[in-house]
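**Student:** Here's a sequence, model it:
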Amino acid sequence: MNSSENPTQDSQQDRRNQADLSDLRIGEFLLLRRLGSGGMADVYLAEQTSLGRQVAVKVLKNDSLQGRSDVLLKRFEQEARAAGGLSHPNVVQIITTGHENNIAYIVQEYVPGLNLSQWIRRNGPPDFSTGVKWLQQMAAALSAAAEAGIVHRDIKPENILLNRQATAKVTDFGLAQLNQPAPARMNLTQAGTTLGTPWYMSPEQIQGTKLDHRSDQYSLGVTAWHMFAGRPPFPGRNPMTVAVQHLKELPPPLATLRPDLPLPLCTIIDRMLAKKPEDRFPDGPSLELALAAAAAMPPRELSAEPADLVGRLRRYRPAITLAVGAMLACTLATWTFARLTASPIQLPAPSVYPEIRKQPSAARQYALAMLQPDRQDLWNAVSRFYPESTEAEMASLQLGVALMASAVPDAAGALKAFSAVREKGEVAPEKNYLQLLGMIGQAWTLRDRPRSPELEQLLSDIQQQIDNYQSDDLLQLDIDRAPIELQQYFGRLQMTRRQPL
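**Tutor:** I've put the predicted structure just below:
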């Protein structure tokens, strides 16, 4: 049969050879418009006519099959079916797969909205509460994939979809690897083959070695770093440069780029980015537990406030400079006049600090104190205005540090503050971390008395408390709650005592 005998078939064949397949019908799916295009496939918004709903259809490009059709088709179908077995609210659901008229396709849930990369370009890095929520959702999705024996291998901001309810969903399992027993696993990659996106690859993926769920954890760590910093940690000009950076270099400290983020969250992301898989979190639940603890850490609402403050200072810098100059000029004129008239001017003694006002929330009250951490009155205000909050507990620790950091250290006052924290942990089992942190604070206050029986008893109590922890991860999370001075002191204790204390 020639082309003149079947114009409809020729028309569809011509359209398949074109880049855009919009308006083409594949089975019960009418392709409406192209949503995006990747190296091996295009994604279309489509209508499932039998149910009258919108779906996304991923179509494998014909030109990507040149010389390797069997391998890519098997991968396309097998991995899609594997992802289709995942039922999780943070995984884009696979509906079906098919192969019709030389077109291989995957039908999946349509998620209206932006991917994470688009969102960051439009809005900038998210605040702490939004970002950590998305990170928890991504981690939960990968944990479910790992339980199903699936390694995604292409986690990156472009493969994180954000729907209109601001929920993160992991998509594109096209490069997924099935960690099945050998007889059930098809060998669809050759040894040493590297697939994925170099800017987000794990070191072991770059080297082409065997992968497990910890490789996805590394890629998620890179994605999280990018999300909070607004750029990838290794923004090299070419894939080879980036690959070497992943293998050899450490990313810039996220805590420096985003000082509003709680230190425990930065520590978690640092651990996800460990070069060796064994140095990362051992499994998905461990990572999820760590993220849950970090998400609950104060200050929870710091993300916008410091940036807004800096922005305001920058915006009004000319006016501030002018005002300061005027004040200096007036001061100089007053001093000169006083010297000339030999009659000193008596000025009323000003208040050292303005009145502290109650903030809308405990987190904002804590944030205000964080801007001037040496001010004892600001830390006392957190406990005075919000006595039952978690921020008040952390403020008591910060108060102890501030008392010791004053021009004349108040060791007695610091001991009292740390003792109050310890006592609160002793009477509230669900807050036993306060007992440990309070004891560390007490020992830190007495650190200049190395042979003190009181200090020796505290160190013994600290060791006993450490022995009660179920894992080093949980211990580290609780230590990360403390002010940096106490964390550093605890680290020195571990080194001195060669861990355990």
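
**Student:** residues touching the most centrally placed residue in the chain, list them.
**Tutor:** Nearest to the geometric centre of the chain sits residue 224, at 4.1 Å (C-alpha atoms, centre = their mean). Shown in contact with residue 224 (C-beta atoms under 8 Å, 6 or more residues apart in numbering): 131, 135, 138, 269, 272. For every residue, glycine as well, the C-beta is placed using N, CA and C.

**Student:** Which secondary structure state does the third one sit in?
**Tutor:** Classification of residue 138 using DSSP: H, G, I helix; E, B strand; the rest coil returns helix.

**Student:** neighbours of it, just the number please.
**Tutor:** 25 (other C-beta atoms under 10 Å).

**Student:** Please, which helix or strand holds the residue nearest to the centre of the chain?
**Tutor:** Using DSSP states H and E, residue 224 sits within helix 213-229.

**Student:** lowest confidence element among the helices and strands of the chain?
**Tutor:** helix 304-315 (a mean of 40; mean pLDDT, DSSP states H and E).

**Student:** ok, and the closest non-adjacent residue to residue 290?
**Tutor:** residue 268 (5.1 Å; C-beta to C-beta, 6 or more residues apart in numbering).

**Student:** same question, residue 25
**Tutor:** Nearest to residue 25 is residue 31, by C-beta to C-beta, 6+ apart, at 7.4 Å.

**Student:** Can you name the residues that contact that neighbour?
**Tutor:** Residue 31 sits next to 21, 22, 23, 24, 25, 44, 45, 46, 57, 59 when contact means C-beta under 8 Å, 6+ apart.

**Student:** Which of the residues you listed has the largest number of neighbours?
**Tutor:** residue 57 (30 neighbours).

**Student:** Can you name the residues in contact with the helix or strand hosting residue 399?
**Tutor:** For residue 399, the host element (DSSP H and E) is helix 390-405. Identification of contacts with helix 390-405 by C-beta under 8 Å, 6+ apart yields 296, 298-299, 362-363, 365-366, 369, 373-376, 379-380, 382-383, 386, 409-411, 413-415, 417-418, 420-421, 424, 431, 434, 437-438, 441, 444-445, 481-483, 485-486.

**Student:** Among the residues you listed, which are located in helices?
**Tutor:** Of the positions in the contacts of helix 390-405, 362-363, 365-366, 369, 376, 379-380, 382-383, 411, 413-415, 417-418, 420-421, 424, 434, 437-438, 441, 444-445, 485-486 sit in helices, assigned by DSSP state H.

**Student:** If any of those are buried, give me the ChimeraX selection for them.
**Tutor:** A single ChimeraX command selects the buried members of those (16 or more other C-beta atoms under 10 Å):
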select :362,363,365,366,369,376,379,380,382,383,413,414,415,417,418,420,421,424,434,437,438,441,444,445,485,486
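
**Student:** Give the buried residues for the helix holding residue 399.
**Tutor:** 390-404.

**Student:** ok, which pair from the residues you listed is furthest apart?
**Tutor:** Comparing every pair within the buried residues of helix 390-405 by C-beta to C-beta identifies 390 and 404 as the most remote, at 22.6 Å.

**Student:** which residue ranges form the strands in the protein?
**Tutor:** For the chain, the strands defined by DSSP state E cover 25-26, 29-37, 41-48, 53-60, 94-100, 103-109, 114-115, 150-151, 160-162, 168-170, 177-178.

**Student:** got any ranges where the stretch 51-200 of the chain has weak pLDDT?
**Tutor:** Counting by pLDDT under 70, the stretch 51-200 of the chain shows low-confidence ranges at 62-83, 174-197.

**Student:** again, only this time at 80
**Tutor:** 61-85, 173-197 (pLDDT under 80).

**Student:** same check, this time on the stretch 301-450 of the chain
**Tutor:** Looking at the stretch 301-450 of the chain by pLDDT under 80, you get 301-355, 363-364, 367-368, 370-373, 406-407, 428-430, 432, 449-450.

**Student:** swap the cut-off to 90 and go again
**Tutor:** Per-residue confidence of the stretch 301-450 of the chain (counting by pLDDT under 90) places the weak regions at 301-379, 383, 387-395, 402, 404-411, 422, 424-433, 435, 443-444, 446-450.

**Student:** tell me the domain boundaries of this protein?
**Tutor:** For the chain, automatic domain parsing gives the domain ranges 20-109, 114-178+196-297, 361-497.

**Student:** Turn those domains into TSV, columns for distance to residue 355.
**Tutor:** TSV is the format used below for these (distance: least, C-beta to C-beta, whole Å):
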stretch	distance to residue 355
domain 20-109	46
domain 114-178+196-297	26
domain 361-497	10
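
**Student:** Contacts only, for the residue lying closest to residue 94 once chain neighbours are set aside.
**Tutor:** Once flanking residues are discounted, residue 94 sits nearest to residue 84: 3.5 Å by C-beta to C-beta, 6+ apart. For residue 84, the contact set (C-beta under 8 Å, 6+ apart) comprises 93, 94, 95, 96, 97.

**Student:** which one of those residues sits closest to residue 245?
**Tutor:** Closest to residue 245 out of the contacts of residue 84 is residue 94 (33.9 Å), distances taken as C-beta to C-beta.

**Student:** wouldn't that closest one be in contact with residue 105 here?
**Tutor:** No - Residue 94 lies out of contact with residue 105 (C-beta atoms under 8 Å); the separation is 11.4 Å.
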